[in-house]
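Visitor: give me a 3D structure for the following:
(2 chains)
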Amino acid sequence: MWNRAWHSIRWCLSLLTLSAAATAGAQQGTGTITGTVMERGAERPIEAAQVTVVGTRLGAAVNAQGAFTIRGVPLGAQKVRAQFIGFEPVEQTVNVTAAGAKVTFTMTRAAFALSGVVVTATGEEKRRAVGTAMATMDTMSIARSAATNPQQLLAAASTGVSILANSGQPGAGATMRLRGVNSVSQGNNPLIYIDGVRVFNGNGPVATGGGQQSSPLNDISPDDIDHIEIVKGPSATTLYGTEASGGVIQIFTKQGRSGAAQWSANISTGFNRQGHVGSKDDETGMWFNKCRGPLNVNGNGVKFEDPSCPASGSWLSDGPVQRFSINVRGGTQGGTTYYVGGNWDDEKGTLPRSAAHNRGLRVNLGFAPAKGLTLAVNSSLAQNASQGFADGNSAGGAALNISRGTNSNYKGTGCSDATVTCVNNADLFRSDVLNTTYHFITGATLTYQPVEGFTNRLAFGYDNNNAEVNYVVPFANLRLPLGAMWQTLCHRQMITADLASTYRRSISETWSTSTSVGAQVFDSRLYSTSLETDNFSGPGYPTLISGSTRLINDVNSQRVINAGFFGQEMIGWRDILFITAGLRIDGNSAFGKSFGLQSYPKISASYVISDESFWPRQWVPSLKLRAAVGSSGKAPGAFDAVRTWDPVAAENGKPAFAPNQLGNADLGPERSTETEWGFDLTALDNRITLAFTHFDQQTKDALIPVIQAPSLGFSSSQLTNVGTLENSGNEVTLSGEIVRRDNVKLSAKIGMTTLSSNAVDVGGQTLTIFTNGRTYVQAGYPVPSYMGKRVTNPDAYATPIYETFGYVGSVFATRTYNPSLTLQLFKRYTIEALGEWQLGGHNLNAAGYQNANLRVWRPCFAAQAALVKAAAGDSSALGAFTAMERARCTITSSERDYALWVEKADFFKLRSITATIDLPTKYLPGSRNASLTISGRNLFTKTDYTGFDPESADKTDNTFGRRDYYTFGPYKTFLVSLRVGF
Amino acid sequence: MTNTSRFLTWRRAAALAALATMTTACEMTVTNPGPIQDDALNVASAVPAIVNGMSGNLSLALGGITLRTGLASGELTAAGNFADEGFYYAGTFTGLNANTDWANMQRARWTSESGIERMKTVLGTGFEGHADTPRAYLYAGFANRILGENVCTGVIDGGPAQSDSVYFQRADSLFTRAHALATARANTSVANAALAGRASIRAWLGNWTGAVADAALVPNTFVFNAIYGIGTSRENLYLAEQTITRREVTVWGTYWASIYKDPRFPWDTVKTGSTLTKGQDGKTIFFRQTKYKDLGAAVPLVKGAEMLVLRAEAALRGGDIPGMTALLNTARTLYAGLTPLTAPATTAAAWTMLQNERGAVTWLEGRRLWDQRRWFAAGTSTFLNGRNKCIPISDNEYAANPNLRK
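Guide: The predicted model follows:
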């Protein structure tokens, strides 16, 4: 092993030596190129655009005034290229003399840029050569966004991207899906790469009682992000290998650039506001909006008082938000660059004591030690701490207790009237759900380009994420008088080694090739403990040894290694047609003993037909046709292949064994194969852009948790490669400039996504994903589906007729529309609005199910009063109520069913509105640029869903199904931000 | 750079890629030190923990059965939010709400029976003389008894449906082996438990003579418990959790709530201020059972008092009402504060007395549903009229067992 490593080091050293010698020999007379880069139409400088001298490593970034300077340029004719994400690249040839040269670039904004580059598994590729759809969020749209974390950035940002917010807990992570669902059991989270380093793509641990998980992705400050690329389906992610079938999100952080230090600061302040909670038919907002008054009464007429209700009469209050970030970047002409950024964010939620505090530091360094050799070292450290309230399926939960009115678990004293039920819900906010994470990511990427066209990239990454989650119920709690404390410690590590080499060359004037090979190793480790202590001796903030009972509930220690290599060949014809074929071969330590290496092939084609001579470019200036077929996979869990027993305690603390899982030696990854085709076009002088993609995914050997006959002892499900799932859809992005005048520019964009999933074969079973969530996978229905007891005459004014078990609806949305509008006035004022419709999905309003039974669901009060009268013999009382209303509000326990509370979760949300003013720098002496932004997120919601929020889901329930089990919904955020560059 | 040197560089890069792949390929072993691989149990030193596991799985199964069949048989009233418990209380058993208990009971049976087979292989000739072998047979016997008393249909190891009596027949054999091996090792506790267990299932198989013979050998004060603990949540008694930590079930509304301070079925009221606390549903008055006072309280599997009541039932079946009364009164002497009963004048009254006394002695021990079921079949009780009598084959068993068809 050591010999091999030493050989590699010697090889690298020899390359460095040779390269340094070559650089030394290359010194000769030079000049300076200066110039400007402006946006066509708006005539605004394109700050941060990159200008390079083609064929050299010389370059500079454009400053806030649109100017750039490149020194040390060899004399003579030089081709200079300006490029920036979101714009068509442009090139000019200038003659550099000792006196210098000047050049002016005007760049055109485009929804897709045929000549731009994107980063794929093999490295940078020309966008025109890529045969799959890729979405990019550029620097400008990120800078203008009202988002406070990457998941908010991604929400509604692109077709095929679904972000469901889950909760109104500060710091809670969202559920992310790219192109829907293609796995039942192995998760559907996309892989996350940050500056080429793969990081853990799951969520943090769930606090007992907390109901929500943090997302490590959100540890990246949006202010540090340069751009984001979204790779959506298996046909595009083939070379990323096993685990990539859920798509890939690549985040590229800001890098240093040659020139003097440039500082940027962002100061934001604002507040979070909740608005009305739940159904508009409940004017108390489930007693969150109004916690005192005459409406504090349950369906049986029993009144309650809560003397701990805040003086405002509402549990809700605006939570202040403060965000600060500052960064500096610069570098030498010799190629050493730096970017240092830090952020300090504090926010409070809309319920008492809920808050989040995020601190981050990023240092990105770039070196060019020799000609053709660059080294990038990118590191970030984030410390996030959130303090929340118990939520979801927790007896101490805020939503559970407050919305239950008379039935709160926090019965108390101090009420003015001895005849009413007295509750003290403020006591539940004395409990803490604390989530603290320390997240360190570092990566080093060595790029060596010995000759033009031959690029080698070697990257090492280390992702280290420590999370400590505590749920502390203090002594003298009204529900648990002696108190309790749960703690989960979770330490995740991901070590990455990634090597890719690409050799591009022109065989002739017509033909070109690009050959790539690469290998990756991902070493993923998890160490976690789940501890509990109960029954404290007395007051005081407890530790794990404060209780008389101390339990170790779970310990987890896993290591999984995934290694593989790939090869890819791309053949180009006249820079118009590109055919790419690739193969990825993977091994994974979680595969069963009988499984060997897995291979994933792909082939794609890209045809820029608009570059053909026959094409009418006056009508359609650019059109790219593309198609791709490719496979990717998902690995089973670390230990799914073997029969195991759990070490447990029995007979009051004696060591014992209990069956864990049956095991399956033939277990292998599930394979998703996707066919994708579409086109990108611009029309009407590039004022209209249209991108369309159709995809068909089929997942074979789907890893299905197959129920074992309980009479065989192992009652837990065993993963088996048995199923076939299908998932297809369309993605359309249409954008256009409606008005393009000197002082007024109005552009609009709409993204449309349709998704259709179907379980083709799930081993002849109806797979239970989550019993109490009524979530199943059954052949012939969407994946997953809500199923169960349903009313077959829902709208009839009659006695409900029940079907015992039937299809109720798709869990996830089947149609998504993301409209956005941008208005620019006088080149200084910009207003942007972004909305989102999600249609066709459902959510289980479990709070309604439970509260209706408890007679504390106000929308059921009238129906239940009528049902009581009917039970007493007055059947006419029910005349005004439909069968569905009677079923949901039933007063007969045996008629209740969760499935009756599965509701359409269609919604429209105004995701964000931002208004930005570019401030004249004369008002801020010493500044390069400045802008003031007023923004709001989630300002408006339109939905018929009656639970907390159509996006609400309790993360402790199930990561695949969704259930709104007393899950407090997302809030609105208003911010005023001042950005200053100096 | 010449084409040749480019090619050489390209070759070096390719070689490096291959090298990296080979380097990684040498270390692909998954590590996960928590769960224990099946082969690791094939050693003699694992036997005590294997048998402890049999006990633990039996307790787990009994914990759920105690609560849910308590609801189904009139020992408890549903007072909470759990849907399944509501169905059990309403006397409605479905394959869906049977999933948990069916799996727990079958796991208890399978781990015991398969564990015995593993022990035979691992211990070889030392099997019968091993200290834990009698316990293994005993737990296997009780696991079969729980199934026989509560489910409607027999299913063994993924096989076809058969009579529920198959569990009693297997239990008879297992208790017999447990008794013989325990006696040989002078393990009185296990020997008596095996006798008591066998006495009950012999009665259920119609062999009342054999049942009385076994029961008579069990000391009146003998008790053999299913063990629970507070050290881990898996060891908690589910019934206690739902009446101490939560208020999902209540004694209120049952026959037992009409009698206060009987030491055999103790319960009390809980008040918030001067108001009686309601159950978790906010509607039903909460009377808390106090037979099990903490999450680690033990539940009797067999006891001498039950043997006396069993013999009393045998006497009644033989028409010996005085004999029945005498045996019941002997059982009552085992509890402080109970006065003797007077022999009833009629057979019907005798059955009522017998059923109440047996219910009191075995209250919340997971036995009542079977008693109600067999008495209903014999026409001596109407409690289960219009209600489901036993737990059906679970939906999961139907879904995964190719030998079963609905």
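Visitor: where does pLDDT dip in the stretch 601-750 of chain A?
Guide: Residue ranges of the stretch 601-750 of chain A with pLDDT under 70: A:638.
Visitor: can you list the residues of it near chain B?
Guide: When proximity is defined by C-beta under 8 Å from any C-beta of the partner chain, the stretch 601-750 of chain A lies next to chain B at A:638-639, A:642-661, A:663, A:706-713, A:715. In short, each C-beta sits where N, CA and C put it, glycine included.
Visitor: please indicate which of those residues are buried?
Guide: Buried by 16 or more other C-beta atoms under 10 Å in any protein chain shown: A:638-639, A:642-652, A:654-661, A:663, A:706-713, A:715, out of these.
Visitor: show only the entries of the residues you listed found in helices.
Guide: In helices, judged by DSSP state H, none of these are found.
Visitor: just the ones in strands from those residues, please.
Guide: Of the positions in those, A:644-650, A:654-661, A:706 sit in strands, assigned by DSSP state E.
Visitor: buried stuff in stretch B:249-262?
Guide: Buried residues in stretch B:249-262, counted by 16+ other C-beta under 10 Å: B:Val249, B:Thr250, B:Val251, B:Trp252, B:Gly253, B:Thr254, B:Trp256, B:Ala257.
Visitor: low pLDDT regions in the stretch 101-250 of chain A?
Guide: Along the stretch 101-250 of chain A, segments meeting pLDDT under 70 span A:109-116.
Visitor: quick one: the strands in the stretch 251-400 of chain B?
Guide: Here the stretch 251-400 of chain B has its strands, by DSSP state E, counting those that start in this stretch, at B:267-269, B:271-272, B:275-276, B:287-289, B:299-303.
Visitor: closest to A:Leu878 out of the ones you listed?
Guide: Among those, the nearest to A:Leu878 by C-beta to C-beta is strand B:275-276 (32.2 Å).
Visitor: ok, back up a step: wait, which of the strands of the stretch 251-400 of chain B is closest to chain A?
Guide: Among those, the nearest to chain A by C-beta to the nearest C-beta is strand B:271-272 (5.0 Å).
Visitor: can you name the residue of chain B nearest to chain A?
Guide: Nearest residue of chain B to chain A (C-beta to the nearest C-beta) works out as B:Gly56 at 2.6 Å.
Visitor: how about the residue nearest to the spatial centre of chain B, secondary structure?
Guide: Nearest residue to the geometric centre of chain B (C-alpha atoms, centre = their mean): B:Leu62, 2.4 Å. For B:Leu62, the assignment made with DSSP: H, G, I helix; E, B strand; the rest coil gives helix.
Visitor: mean neighbour count, mean pLDDT and distance to A:Arg457 added to the strands of the stretch 251-400 of chain B, as CSV?
Guide: Shown next, in CSV, are the strands of the stretch 251-400 of chain B (neighbours: other C-beta atoms under 10 Å in any protein chain shown; pLDDT from 0 to 100; distance: least, C-beta to C-beta, whole Å):
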stretch, mean neighbour count, mean pLDDT, distance to A:Arg457
strand B:267-269, 17, 95, 73
strand B:271-272, 12, 76, 68
strand B:275-276, 12, 82, 72
strand B:287-289, 24, 96, 68
strand B:299-303, 25, 98, 65
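Visitor: distance to A:Arg128 for those - can I get that in JSON lines?
Guide: As requested, those are exported to JSON lines (distance: least, C-beta to C-beta, whole Å):
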{"stretch": "strand B:267-269", "distance to A:Arg128": "79"}
{"stretch": "strand B:271-272", "distance to A:Arg128": "73"}
{"stretch": "strand B:275-276", "distance to A:Arg128": "76"}
{"stretch": "strand B:287-289", "distance to A:Arg128": "74"}
{"stretch": "strand B:299-303", "distance to A:Arg128": "73"}
